[in-house]
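**Student:** No letters, just coordinates:
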Ligand SMILES: [Zn+2]
Ligand SMILES: [Zn+2]
């Protein structure tokens, strides 16, 4: 896959923002084809047949929500406007904004990493852990046995590495 086409995967086909990023590691962002009928009705754009070297394959979560809402209201014959300015895309050339944008795969990775720590924080808090946020890791601490002062200490790093210790304030 050429660089331009690879870069297009970060962009939203509709609003053109570089945020067509999956929430979870193994899930792709919304494919534009999943709203092709609505997009063609509202914007008169045929996303099914357009050139994959010029137009991004995905739409962002924000446009996904807007399209979803519009689709539901349209089906009920309710009036609803779609507040999306459709961006224009051009074939790759020497001053290509897609290829020279700051969106590198690293940005995507760091966003995924933050999501991982956020997810772990949520789960740990639900599980009764006290969560301490460090710069690149979080520490989840929980006392599991009050009388013997036994606790669990779990550290999760942004890159997914983790370590777990069971401690007792009685051993020393
Ligand atoms: Zn969008
Ligand atoms: Zn390009």
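**Tutor:** Received, thanks. Because the structure is a prediction, the values reported are computed rather than measured. Ligands and ions are numbered 1, 2, ... in the order given.

**Student:** Alongside ligand 1, which residues does this structure contribute?
**Tutor:** 12, 14-15, 60, 63 (Cβ under 5 Å from the ion). Where you see a C-beta, it was placed from the backbone N, CA and C, and this is true even at glycine.

**Student:** So which of those residues are in strands?
**Tutor:** Counting by DSSP state E, no part of those is found in strands.

**Student:** Would you map the strands across the chain?
**Tutor:** Using DSSP E, the strands of the chain run over residues 30-31, 58-59, 130-133, 137-145, 150-157, 162-168.

**Student:** nearest to residue 38, of these?
**Tutor:** Taking Cβ to Cβ, strand 58-59 is the member of the strands of the chain nearest to residue 38, at 10.7 Å.

**Student:** who's in contact with that closest one?
**Tutor:** With Cβ atoms under 8 Å, 6 or more residues apart in numbering as the test, strand 58-59 has contacts from 9, 11-14, 20, 28-32, 35, 67.

**Student:** which one of the residues you listed sits closest to residue 118?
**Tutor:** residue 29 (18.1 Å).
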